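Enquirer: Below is the sequence, then the predicted model.
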Amino acid sequence: MNSFQDIWKNIQWNEIANLIFKCNENDVKLVLSKKSFYLNDIIPILSKAAGLYLEKLSQIAQKLTQIRFGKTIRFFAPLYLSNFCANDCTYCGFSMKNKIRRKVLNSEEVLKECHELLKNNINHVLLVSGEHDKIAGINYFSKIILLIRKQFSSILMEVQPLSTQNYSVLKNLGLDGVVVYQETYDIESYKKNHIYGKKRDFFWRLNTPERIAQANIEKIGLGILVGLSDNWRVDCYFLACHISYLRKLYWKSNYSISILRLRPCLNGMQPYSIMTDRELLQIMCAFRIFFPEIEISLSTRESATFRDHVSPILANNISAGSKTNPGGYITSKTELEQFYPQDNRSPKEVSNALKKYGLSSVWKDWDYYLGR
Ligand code: SF4
């Protein structure tokens, strides 16, 4: 096998959909009685039948989370650098077809945004941009990382997929991690929702986590966007296969996952499938049980109630006070937003709420002077 692409080709979407659909309570109970698992044991836990065992799944997930990570949760926030995008995606406010005001932050604006984040105790930052190589490409990212490196405990980025060589450049400048969601592993749905631009290249994106790992980047974030395909359970199975593959080959990197549900945005499409709160918790439990060592992140896409109840069970990273527009922390304007967040509480408010559930907030866990 040369890449996950080869494995992907050998997994039949409809076959997995059928296997998941056929699972019953006995299949779920059998898996839950095991002491160790094969990867395909995750199939019953992704099924509808496992929804009846949510309490049990949550208990197991919480125990595993606390053994591995304690009762802590790390706070981070996105910093949107640019909303220029050369792609047309059906579900995103930054799509090139949308006639919105476009902006890319200059150095001075980035520093002001960082100042606001640090004022709110945010020491872990996720740099985000639309995908536009000419306006926000490798030179721009290099400049920004150099500019802010010393200010944060960690810097992750979620931008267009890059080459291994460019990831190496950014790693040497101090980049700690890269988040790249496949969105959906169903190539037909992928093409339907990525109408124009480089992002239409399904395999370039699918092979991105490997390029990141080959550049020895420490953290790699994967995930799916629920609502793009008509069967999110199958997407979750592919995600599990992807992580399993990467962990075997690139064991030096750490992995995190996010299961994102579509949020409304300017001219956004209607989801092809819906995942309820209970189902989202079930799926997150499945990943915790099968991959106890990977981190699970929760974004402000989810409601305050959901985040407060689910974080103590299994979340490792939580964003708070997020603005999804470039310059969002220093302006009150929202018309450039990528999507509309649900939980608009400040980091302090979220931290106070989680404290009631026994969680200690981790704001800063590293400093630049300690080296990397
Ligand atoms: S999802 Fe990403 S690539 Fe697609 S339009 Fe939005 S910012 Fe651009």
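Expert: It's in. Numbering: from 1, shown residues only.
Enquirer: Count the residues that sit near Arg261.
Expert: For Arg261, the number of neighbouring residues by other Cβ atoms under 10 Å comes to 20. Bear in mind the C-beta positions are built from the backbone N, C-alpha and C, glycine included.
Enquirer: do you know how far the closest residue to it other than its chain neighbours is from His124?
Expert: Take Arg261 and drop its neighbours on the chain: the residue closest to it by Cβ to Cβ, 6 or more residues apart in numbering is Val226, 4.7 Å away. Distance, Val226 to His124, using Cβ to Cβ, to the nearest Å: 25 Å.
Enquirer: what sits against Ser47?
Expert: When contacts are counted by Cβ atoms under 8 Å, 6 or more residues apart in numbering, Ser47 is found next to Ile20, Phe21, Cys23, Asp27, Val28, Arg233.
Enquirer: Point out the residues in the stretch 151-300 of the chain that sit beside the ligand.
Expert: Neighbours of the ligand within the stretch 151-300 of the chain, by Cβ under 6 Å from any ligand atom: Lys199.
Enquirer: The stretch 1-150 of the chain too?
Expert: Counting by Cβ under 6 Å from any ligand atom, the stretch 1-150 of the chain sits next to the ligand at Cys85, Asn87, Cys89, Cys92, Phe94, Ser95, Gly130, Glu131.
Enquirer: Next, work out how far apart the fourth one and Glu337 are.
Expert: From Cys92 across to Glu337, the span is 10 Å (Cβ to Cβ).
Enquirer: ok, now the last one?
Expert: Glu131 sits 17 Å away from Glu337, going by Cβ to Cβ.
Enquirer: same thing with Gly371?
Expert: The gap separating Gly371 from Glu337 is 37 Å, by Cβ to Cβ.
Enquirer: out of those two, which sits in the more crowded spot?
Expert: Neighbour count, other Cβ under 10 Å: between Gly371 and Glu337, Glu337 has more, with 21 against 6.
Enquirer: which SS class is that one?
Expert: Secondary structure for Glu337, judged by DSSP: H, G, I helix; E, B strand; the rest coil, is coil.
Enquirer: Can you name the residues that contact it?
Expert: Glu337 sits next to Gly93, Cys265, Leu266, Lys323, Thr324, Asn325, Gly328 when contact means Cβ under 8 Å, 6+ apart.
Enquirer: show me where pLDDT drops low in the stretch 101-250 of the chain?
Expert: Within the stretch 101-250 of the chain, no range satisfies pLDDT under 70.
Enquirer: gap between Ser229 and Lys150?
Expert: Look at Ser229 and Lys150: by Cβ to Cβ, they are 42 Å apart.
Enquirer: Look at those two and report which has more neighbours.
Expert: Neighbours around Ser229 and Lys150, counted as other Cβ under 10 Å, are more numerous at Ser229. The numbers are 27 against 10.
Enquirer: The more buried one touches Ser273, doesn't it?
Expert: Yes - look at Ser229 against Ser273 with Cβ atoms under 8 Å: they come within range, at 6.7 Å.
Enquirer: For the ligand, what is the nearest residue in the stretch 151-300 of the chain?
Expert: Closest contact between the stretch 151-300 of the chain and the ligand, by Cβ to the nearest ligand atom, is at Lys199 (4.7 Å).
Enquirer: Now do the closest residue to that residue other than its chain neighbours: how many residues are near it, please.
Expert: Among residues not flanking Lys199 along the chain, Asn87 sits closest, at 4.3 Å (Cβ to Cβ, 6+ apart). Asn87 is flanked by 20 other residues according to other Cβ under 10 Å.
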